[in-house]
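Engineer: Got a predicted model here, sequence first, then my questions.
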Amino acid sequence: MLERKPAVMITAAINSTILLPCLKQANDMGIPVVDLDANLDHDIAAKAGVKIAFTIGSDNTAAGRQGADWLVGKLGKDAKGPVLVIEGLAGNITGQKRAQGFRDELAKAAPGLNVVASLPGDWDGQKAANITNDTLTRNPDLVAIFCANDTMALGAVEAAYAAGKGQQITIMGVDGNIDAVKSIKAGRLNASVAQLPYLVGKQAVEKAKAVLAGQTVDEYTYVPTLVLTKQVLEENKEPMLQYVK
């Protein structure tokens, strides 16, 4: 891509280090680097000689907190019972932030809702289903499951229904992808914290254009997230729904 001399490089790195040599080359060629989805650490990048023009994405910690707040709003701040957290791939910063945000907020907002397990599901639906089954064996009175993405949440939903407890357990994911939307509309998955990646991409291009025009943009921009539920989808009044693709 660098051989084609792009005007700007908008990149969604899988971690904070793997792309740094390439991004250093881009900087040396005078090409601004944009961090899409907040996966680059600015301090680590600076030590490698990489200047990041700006970061844009969803605040994954806030998304986790938003999920916890929605759950407490549904069950009540005095609710009690075991809760399962299914994280993403072990070591992945996105999944870690989502799960940590959820756990921290839940502990503050409803101390009676006790996280009995927080395990990596590797973004995999079948693994999430297995974790759900194992946890239900030990905690048959499980009241809620928070999954760090929708693929795992849908796996948890199938396991819960197979165990005859689909209506008893509140299950939510993160992302707001098309399969999650279908499941929510069908009354199976309870909720998903939508990350609105369409809006992230749109604003990334708009801000990149401003950078190229010599304008100053904020170093960090966090695009809002939205809790999708059956009611929100059916009422269709939320303006941000236009970015749920």
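Structural biologist: It's in. Please read all numbers here as calculations on a predicted model, not as lab measurements. Residues are numbered from 1 along each chain as shown.
Engineer: C-alpha only now, for contacts and for neighbours.
Structural biologist: OK.
Engineer: what's the burial count for the spatially closest residue to residue 170 that is not a sequence neighbour?
Structural biologist: Nearest residue to residue 170 in three dimensions, chain neighbours excluded: residue 144, at 4.5 Å (CA to CA, 6 or more residues apart in numbering). As a burial measure, residue 144 scores 20 neighbours (other CA atoms under 10 Å).
Engineer: Which phi and psi values does residue 144 adopt?
Structural biologist: Dihedral pair for residue 144: phi -160, psi 150, per degrees, to the nearest 10.
Engineer: Hmm, residue 173 and it touching each other?
Structural biologist: No. With contact defined as CA atoms under 8 Å, residue 144 does not count as touching residue 173 (11.2 Å).
Engineer: circling back: contact partners for the residue nearest to residue 170?
Structural biologist: 82-84, 169-171 (CA atoms under 8 Å, 6 or more residues apart in numbering).
Engineer: if I look at residue 46, how far off is residue 40?
Structural biologist: Going from residue 46 to residue 40 by CA to CA, to the nearest Å gives 10 Å.
Engineer: Then residue 99?
Structural biologist: Here the criterion is CA to CA. By it, residue 99 lies 19 Å from residue 40.
Engineer: More neighbours: those two, which one.
Structural biologist: Applying other CA under 10 Å to residue 99 and residue 40 shows that residue 99 carries more neighbours, namely 29 against 23.
Engineer: could you say what helices and strands the strand or helix carrying that one packs with?
Structural biologist: Assigned by DSSP states H and E, residue 99 belongs to helix 93-109. In terms of contacts (3 or more CA pairs under 8 Å, 6 or more residues apart in numbering; DSSP states H and E), helix 93-109 is packed against helix 60-75, strand 81-87, strand 113-120, strand 144-147.
Engineer: deepest of those, which one?
Structural biologist: Ranked by mean neighbour count under mean count of other CA atoms under 10 Å, those are led by strand 144-147, which reaches a mean of 27.
Engineer: what comes up buried for the following helix or strand past that strand?
Structural biologist: The first helix or strand that comes after strand 144-147 along the chain, using DSSP H and E, is helix 150-162. Residues 150-160 are the ones in helix 150-162 that count as buried (16 or more other CA atoms under 10 Å).
Engineer: After helix 150-162, which helix or strand is next? Please name it.
Structural biologist: Using DSSP H and E, the helix or strand that directly follows helix 150-162 along the chain is strand 170-175.
Engineer: List the buried residues in the helix or strand just after that next one.
Structural biologist: Moving toward the C-terminus from strand 170-175, the next helix or strand (DSSP H and E) is helix 178-185. For helix 178-185, burial by neighbour count (16+ other CA under 10 Å) applies to 180-181, 183-185.
Engineer: burial count for residue 243?
Structural biologist: Using other CA under 10 Å, residue 243 has 14 neighbouring residues.
Engineer: switch to numbering from 51
Structural biologist: That works, and once the first residue is 51, the last one we named lands at residue 293.
Engineer: check contacts around it.
Structural biologist: Residue 293 sits next to 246-249 when contact means CA under 8 Å, 6+ apart.
Engineer: Can you list which of those are found in helices?
Structural biologist: Assigned to helices by DSSP state H, the following of those qualify: 247-249.
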